[in-house]
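> Have a look; sequence and predicted model below, questions after that.
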Amino acid sequence: MILFNGPLVMGLFLFKKNRDDAIKESIDLFLSHLAPATQKSYKQTLKTFSGSLSNWAGLDYERIAKATTPDVLKYLQTLRHSNGIEPRLGGSRNLSNSTIRQKCFALKSIYDWLLRGGYVTVNPLADPQLKLPALDDYKKRDTEILQSLSVKKLLNAPDRNTREGIIERAMFALFFGGGLRREEVARLLLGDIGKDIDGVGFVVLRRTKAGRDEVQPLPRWAFRRVQRAARLRRKLGNTDKSTLLGLSSSTIYRTFLRYAKKFGLKHITPHSARATAITILLGNGTSYREVQEFSRHSSISMVEHYDKRRFKMKENAGLKLKF
């Protein structure tokens, strides 16, 4: 007959609970310094890693703290046979080497933080014997841009007379008229829209990719759509603290792809709208500096990266050569 020491068992349980809580609080503190989209990505990566360590669906912080390099190798093997959560239009695909490396970098950063806090004694992803997938056998697909006719089709596709259509028309206006990123659109609040003293409509972007709040002006046609969506949302009882569109980031992604598929547009994502807006501005003769102001990129070189223009033969700079 096995006898259990009640107080001892309870003490061990409380010790584990307190340790789990301490590790969770430490990780939450680390994540709080990251942008919302990055926080979400890191949390999902940690949850997937925890799931590879045990059969428990939740986050097992004690098991995470005890993870070893062999555990990481097992996790890598799992990733190599996983499908992407949000594949590009049409069908699933295996996770790229780049994505796998990003997930490992996220875990390594978390373990570095726990190591400094004394919650782990070693970082299992810092082992020099650990070989991450190489990048040279994977080339990321360039962001696709749309022709003007395709942009007009997307802008006018949603029904202007339905609730869903009014919201979706505003969504496309923010993408193509403001060059916003998907997470920025999802985080917009009803109180984040307004006009300046010159009557220029704008939206206030909270915690952008650069980690700060920024004001983004909108062309009149785009702002009118946003205003109409805002009036509708307020009529339905929403307040300044409510989201502008009432759509999650994933819903926005799926909605964009649904319309793209309707018109046979392949490899098009919400980010394609941003690249398209930048390319059209450059094609209209807007300077790199002015486009940088619009796109909110940290450097002009990033604007150049988004420049997808295709010059005609007669525009080739070499034709200006004279000797």
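Sure thing, it's come through.

> Give me the contacts around the strand or helix carrying Ala173.
Using DSSP states H and E, Ala173 sits within helix 163-178. The contact list for helix 163-178, computed with C-beta atoms under 8 Å, 6 or more residues apart in numbering, reads 151, 154-155, 157-160, 180, 185, 188, 203, 216, 218-219, 221-223, 225-226, 228-229, 232-233, 244-247, 252, 255-256, 259, 270, 273-274, 276-277. C-betas here are computed from N, CA, C, even on glycine.

> Repeat the analysis, applying 7 Å as the threshold.
Helix 163-178 is contacted by residues 151, 154-155, 158-160, 180, 185, 203, 216, 218-219, 221-222, 225-226, 228-229, 232, 245-247, 252, 255, 270, 273-274, 276-277 when judged by C-beta atoms under 7 Å, 6 or more residues apart in numbering.

> Quick check: next helix or strand after it?
Past helix 163-178, the next helix or strand by DSSP H and E is helix 182-187.

> and that next one, what other elements does it pack with?
helix 36-53, helix 163-178, helix 249-262 (3 or more C-beta pairs under 7 Å, 6 or more residues apart in numbering; DSSP states H and E).

> looking at these, which is buried most?
helix 163-178 (a mean of 22; mean count of other C-beta atoms under 10 Å).

> could you give the angle of that one to helix 249-262?
Angle of helix 163-178 versus helix 249-262, following axes from the mean of the first three to the mean of the last three C-alpha atoms, to 10 degrees, is 90 degrees.

> Tell me how many other residues crowd Gly118.
Residues lying near Gly118 (other C-beta atoms under 10 Å) number 9.

> make that Asn284, sorry
The number of residues packed near Asn284 is 8, by other C-beta under 10 Å.

> for the nearest residue to Ala67 once chain neighbours are set aside, what are its contacts?
Spatial nearest neighbour of Ala67, excluding adjacent residues (C-beta to C-beta, 6 or more residues apart in numbering): Pro124 at 5.0 Å. By C-beta under 7 Å, 6+ apart, the residues touching Pro124 are Ala67, Thr68, Thr69, Asp71, Val72, Tyr111.

> Show me these that map onto helices.
Cross-referencing those against helices under DSSP state H gives Thr69, Asp71, Val72, Tyr111.

> Thought Val151 was touching Asn272, still the case?
Heads up, residue 272 is Ser, not Asn. No - Ser272 sits out of contact with Val151 when judged by C-beta atoms under 7 Å, with a separation of 9.9 Å.

> Between these two, point out the one with more neighbours.
Legend: neighbour count by other C-beta under 10 Å for Ser272 and Val151, higher for Ser272 (22 against 19).

> pLDDT value on Ile300, please?
Ile300 is assigned a pLDDT of 75 by the prediction.

> Please name the spatially closest residue to it (chain neighbours excluded).
That would be Tyr288: by C-beta to C-beta, 6+ apart, it lies 4.8 Å from Ile300.

> distance of the one you found from His305?
To His305, Tyr288 is 11 Å away according to C-beta to C-beta, to the nearest Å.

> From Leu188, how far off is the closest residue to Gly191 other than its chain neighbours?
Nearest-residue entry for Gly191: Asp240, 3.1 Å, with adjacent residues in sequence omitted and distances by C-beta to C-beta, 6+ apart. Distance of Asp240 to Leu188, computed by C-beta to C-beta: 11 Å.

> Looking only at neighbour counts, state which of the two leads.
For Asp240 and Leu188, the more surrounded residue by other C-beta under 10 Å is Leu188, and the numbers stand at 24 against 10.

> quick one, what contacts the more buried one?
Counted by C-beta under 7 Å, 6+ apart, Leu188 has contacts Val203, Thr243, Leu244, Leu245.

> Write a ChimeraX command that selects only the buried members of those residues.
In ChimeraX, a selection of the buried entries from the contacts of Leu188 looks like this (16 or more other C-beta atoms under 10 Å):
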select :203,243,244,245
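
> Name the nearest of the contacts of Leu188 relative to Gly118.
Among the contacts of Leu188, Thr243 lies closest to Gly118 (C-beta to C-beta), at 39.5 Å.

> For that closest one, which residues count as its bridge partners?
Under DSSP bridges, the beta-bridge partners of Thr243 are Leu189.

> Quick check, pLDDT for it.
So Thr243 comes in at 93 (pLDDT).

> wait, isn't it in contact with Val185?
No - using C-beta under 7 Å, Thr243 is not in contact with Val185, being 9.5 Å away.
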